[in-house]
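Colleague: The sequence and its predicted three-dimensional model are supplied below.
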Amino acid sequence: MTQLILLDSISNVHYNRIEFNLGTDSLDNVSGAMSGDLDPIHGMYWTWQSGYINFKLEGSSKVCPSRNHEFNFHIGGYLYPFTSMQRLVFEVNQSSDLSFNLDLSKLISIHHLQNEFNIMSPSEKSLLFLKRIVDCINLSK
Amino acid sequence: MGRKLFYDPILSADQSISCASCHSPFNAFAHTDHSLSHGIQDQIGQRNAPALFNLAWHESFMWDGAINHLDVQALAPISHSKEMASSIQDVITRLNSSSEYRELFFKTYHDSLISSERILKSLAQFQLTLISANSRYDSVRQGKVEFNLQERNGYHLFIKHCNSCHTEPLFTNHQFKSNGLSVDTTLNDYGRWNITKMPSDSLLFKVPSLRNLSYTYPYMHDGRFNKISQVIDHYSNGIDRSVNLSKELNNPILLSSNEKVDLISFLLTLNDKAFVFNPKHQFPKKSINFSQVFKIKII
């Protein structure tokens, strides 16, 4: 399955760097009830503890030793030391469109699912998972 | 509208539990008689429901500060399987099927869209009106009346032993502290540690206000004490020094039995009857429809 998010294409511009935030910044996390993309009805907000879930991946796999073989990864958190927003910077040299890909098969390999299948709150484990998410992002022309 | 929502069981999955089920106006919005709160289908929660007042001054919510803003607090009880066992999406659906609420949202927000943001903000706005500032202590501070001798002695003991954490005039410094309660091994609740996972936060809980104590028993995060005198006995000879005790309590608190009585008589001056019995905060009676009243023609 592929999910595509298209941003307006920029024509006739030469650019040498792309910077963006992966996740919601701490201000969004402490500003109370919000609407639009940040509306808690989208299921990307923790209810028992304040803060946005920045990345959510749920499913099942035969290799998971969990109940119904389910895995749940809810990655987020804005409080130190489990701050999950990442500033990503890519040095490029480009004047045409670029795409960013998140390689899910690399992220949840069989080897990982056997050991790690449930991350539901900001913790040491969620920070490690986040690092893997960033490692699974690649650029293609 | 926030008040109507607060008292309406429409927020829970089987429409049996309202916010007021656990936060009763006559108990300064705490849950009396239950050490741990009771929610949907009589399920028992993990903690004692705190009183709700002077919330505008809180920097965080819940005993462990899990919630950072009053707006989003209501998401917790609405979604909790042992409290209201619903979800904000389902609440929106239920409110949308009520013509009364559609009309009320229109009146409040000038269009009838029922959104999570509006539901949450209305609930928060009502709770922000719950202000307790009319106790005997407040009248003393305003120079209207004076403490009697016993209350004044109690006040001095309070300043010496308690004010560092239960800081006047709100009677809390809103910080996380340990007052030396030993761990209840049936609950194993480590308080602030649940949120930060830092060892230094183990067993710290948010310092509660001491206003309206006569209405808010039982006391502490797990409701382990039923009487104020038991709390005073805890501070004078029940403190568990093996836990992560906060430094304000390093020196033992030595109180004679007379001093204990004095201290309690001061604490009772923090009861705010005008707040607890304020009809503006209570269950909304059907409001009079003025358009009908004025239809009577006088010839």
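Modeller: Cool, got the structure.

Colleague: Identify the residues contacting the residue nearest the centre of chain B.
Modeller: With distances taken as C-alpha atoms, centre = their mean, chain B has residue B:51 as the residue nearest its mean C-alpha position (2.1 Å). For residue B:51, the contact set (C-beta atoms under 8 Å, 6 or more residues apart in numbering or on different chains) comprises B:23, B:27, B:28, B:29, B:30, B:208, B:209, B:211, B:212, B:215, B:216. In this view, the C-beta of every residue, glycine as well, is placed from N, C-alpha and C.

Colleague: And the nearest residue to the first one once chain neighbours are set aside, how far from chain A?
Modeller: Spelled out, it's residue B:23. Using C-beta to C-beta, 6 or more residues apart in numbering or on different chains and skipping residues adjacent in sequence, the residue nearest residue B:23 is residue B:29, 4.1 Å away. Applying C-beta to the nearest C-beta, to the nearest Å, the value for residue B:29 to chain A is 20 Å.

Colleague: If you check chain A against chain B, which residue is the closest one?
Modeller: Here chain A gets closest to chain B at one residue, residue A:32, 3.3 Å apart by C-beta to the nearest C-beta.

Colleague: Need phi/psi at the residue positioned nearest the centre of chain A.
Modeller: For chain A, the residue nearest the mean C-alpha position is residue A:55 (3.8 Å; C-alpha atoms, centre = their mean). Dihedral pair for residue A:55: phi -150, psi 130, per degrees, to the nearest 10.

Colleague: check contacts around the residue nearest to it when sequence neighbours are not counted.
Modeller: In space, and not counting its chain neighbours, residue A:55 is closest to residue A:75: 4.2 Å by C-beta to C-beta, 6+ apart. For residue A:75, the contact set (C-beta under 8 Å, 6+ apart) comprises A:53, A:54, A:55, A:56, A:84, A:119, A:126, A:129, A:130, A:133.

Colleague: I'd like the next helix or strand past the helix or strand bottoming out on mean pLDDT in chain A.
Modeller: In chain A, no helix or strand scores lower on mean pLDDT, DSSP states H and E than helix A:110-115, which sits at a mean of 84. Of the helices and strands lying after helix A:110-115 in sequence (DSSP states H and E), the nearest is strand A:118-119.

Colleague: Flag the shaky bits of the chain, pLDDT-wise.
Modeller: This is for chain A. Along chain A, the parts satisfying pLDDT under 70 run over A:1-2, A:9-10.

Colleague: Chain B, not that one
Modeller: By pLDDT under 70, the low-scoring segments of chain B are B:286-299.

Colleague: Nearest to chain A within it, name that residue for me.
Modeller: For chain B, C-beta to the nearest C-beta, closest residue to chain A: residue B:71, 3.3 Å.

Colleague: Would you check how far apart that residue and residue A:31 are?
Modeller: Counting by C-beta to C-beta, to the nearest Å, the gap from residue B:71 to residue A:31 is 8 Å.

Colleague: residues from chain B in reach of chain A?
Modeller: Counting by C-beta under 8 Å from any C-beta of the partner chain, chain B comes close to chain A at B:66-72, B:75-76, B:78-80, B:88-89, B:92, B:115-117, B:120-121, B:124, B:195-197.

Colleague: if we go to 7 Å?
Modeller: Counting by C-beta under 7 Å from any C-beta of the partner chain, chain B comes close to chain A at B:66-69, B:71-72, B:75-76, B:79-80, B:88-89, B:115-117, B:120-121, B:195, B:197.

Colleague: Please narrow those to those residing in strands.
Modeller: Members of these lying in strands (criterion: DSSP state E): none.

Colleague: Can you flag which of those belong to helices?
Modeller: B:71, B:72, B:75, B:76, B:79, B:88, B:89, B:116, B:117, B:120, B:121, B:195 (DSSP state H).
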